[in-house]
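**Q** okay, here's the prediction I keep looking at, along with the sequence it came from:
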Amino acid sequence: MYIHYVALDCEQKPGFVEERRHGLVDFLFLRFHSRTTLILGEKTYTLTRPCMLLIDSGTPYRYFSNSSDYRDDYLHFAVENRTQFLSELTFPLNTPIRTSNNTAITKLLELIQTEHQSKNQLAARSIDLLIRCLFVKVAEEWMQGQQPNLSVPHYSELLQVRSAILASPERPWKIEELADLAHLSPSYFQVIYKRAFGITCMTEVINAKIEEAKLLLTSTELPVGTIALKTGYNEVYHFIRQFKKSTGMTPGAFRKKAVL
């Protein structure tokens, strides 16, 4: 493997935007430490927790900070045999993966940077092995996130409710309706939903609406009022307030920053 660039704990000023409309020739590994909006192809993600991802060559992307304190790590590298490299990956490309406080990943990135800066004749071989180890650790994080939370009662029913929310963000979901889908009492449903997914069911509803709104803002020219209606808001001002609370900017400002 050949490293083009590697940098750790990079701080950026407020207003920072990074964009590659045609992607990169090779692979890019990113680890975000701050709240970030990521537009990857036709998908838009709001990353509120530390996340990482491997972006495939030729994939258009754009990302920008949702806070005044922005930090990330990045590794831009090439491989000799693309087919073999992809066959060895055990996690998906172009997919944000939530990361825990994984010191092994941090240490591997530090070692990769050190080897890249060294003049050791065997540095290239070390880098190849270290990057492979890095992606083993990334795969561990990915697989951990895919495992069902078997300790939560009615987990399969909760997953069905969550899928319904994400599939229909325009609906005016109520707690009683969601609890009824899971065949549970509203109070018990709220407790185990948060235990299963780490957020309340109504926060899930709001997040789904905001994600759909971001997609419409970046992929269409629909007016903000129309987007508010399409995401289930009868009052455009309520939509704007909730969107700003979630993303740190108004829908109009988000659209402008995303498409510039």
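**A** Great, that's in hand.
**Q** list the contacts of the helix or strand harbouring residue 83.
**A** Assigned by DSSP states H and E, residue 83 falls within helix 82-88. With contact meaning C-beta atoms under 8 Å, 6 or more residues apart in numbering, helix 82-88 is reached by 57, 79, 93, 132, 135. Any C-beta I mention is one placed from the backbone N, CA and C, and that applies to glycine too.
**Q** ok, now with 7 Å
**A** The contact list for helix 82-88, computed with C-beta atoms under 7 Å, 6 or more residues apart in numbering, reads residue 79.
**Q** so who does the spatially closest residue to residue 35 that is not a sequence neighbour touch?
**A** In space, and not counting its chain neighbours, residue 35 is closest to residue 66: 3.9 Å by C-beta to C-beta, 6 or more residues apart in numbering. Shown in contact with residue 66 (C-beta under 7 Å, 6+ apart): 35-37, 247-248.
**Q** what's the pLDDT at residue 66?
**A** If you check residue 66, the pLDDT there is 71.
**Q** ok, it to residue 43 distance?
**A** Residue 66 sits 17 Å away from residue 43, taking C-beta to C-beta, to the nearest Å as the criterion.
**Q** okay, now the unreliable bits of the chain?
**A** Applying pLDDT under 70 to the chain flags the ranges 67, 101-102, 147-150, 259-260.
**Q** re the thing from before, can you put the contacts of residue 66 in JSON lines and add secondary structure, distance to residue 175 and neighbour count?
**A** Below are the contacts of residue 66 laid out as JSON lines (DSSP: H, G, I helix; E, B strand; the rest coil; distance: C-beta to C-beta, whole Å; neighbours: other C-beta atoms under 10 Å):
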{"residue": "35", "secondary structure": "coil", "distance to residue 175": "27", "neighbour count": "16"}
{"residue": "36", "secondary structure": "strand", "distance to residue 175": "30", "neighbour count": "24"}
{"residue": "37", "secondary structure": "strand", "distance to residue 175": "29", "neighbour count": "22"}
{"residue": "247", "secondary structure": "helix", "distance to residue 175": "24", "neighbour count": "20"}
{"residue": "248", "secondary structure": "coil", "distance to residue 175": "27", "neighbour count": "16"}
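**Q** residue 142: which element?
**A** helix 123-146.
**Q** for the following helix or strand past that helix, packing partners?
**A** Next along the chain after helix 123-146, taking DSSP H and E as the criterion, comes helix 155-167. Where contact means 3 or more C-beta pairs under 7 Å, 6 or more residues apart in numbering; DSSP states H and E, helix 155-167 is packed against helix 175-181, helix 186-197, helix 201-219.
**Q** how far off centre is the second one?
**A** When C-alpha coordinates are averaged (C-alpha atoms, centre = their mean, to the nearest Å), helix 186-197 and its chain have centres 24 Å apart.
**Q** now do it and helix 155-167, the angle between them.
**A** 90 degrees (axes from the mean of the first three to the mean of the last three C-alpha atoms, to 10 degrees).
**Q** what comes into contact with helix 186-197?
**A** With C-beta under 7 Å, 6+ apart as the criterion, helix 186-197 contacts 149, 152-155, 158, 162, 175-176, 178-179, 182, 200-201, 204.
**Q** now the buried members of the residues you listed.
**A** 154-155, 158, 162, 175, 178-179, 182, 201, 204 (16 or more other C-beta atoms under 10 Å).
**Q** residue 12 reaches residue 65, doesn't it?
**A** Yes: judged on C-beta atoms under 7 Å, residue 12 makes contact with residue 65 at a distance of 6.5 Å.
**Q** compare neighbour counts for those two and give me the winner.
**A** residue 65 (22 against 15; other C-beta atoms under 10 Å).
**Q** thanks a lot, see you next time.
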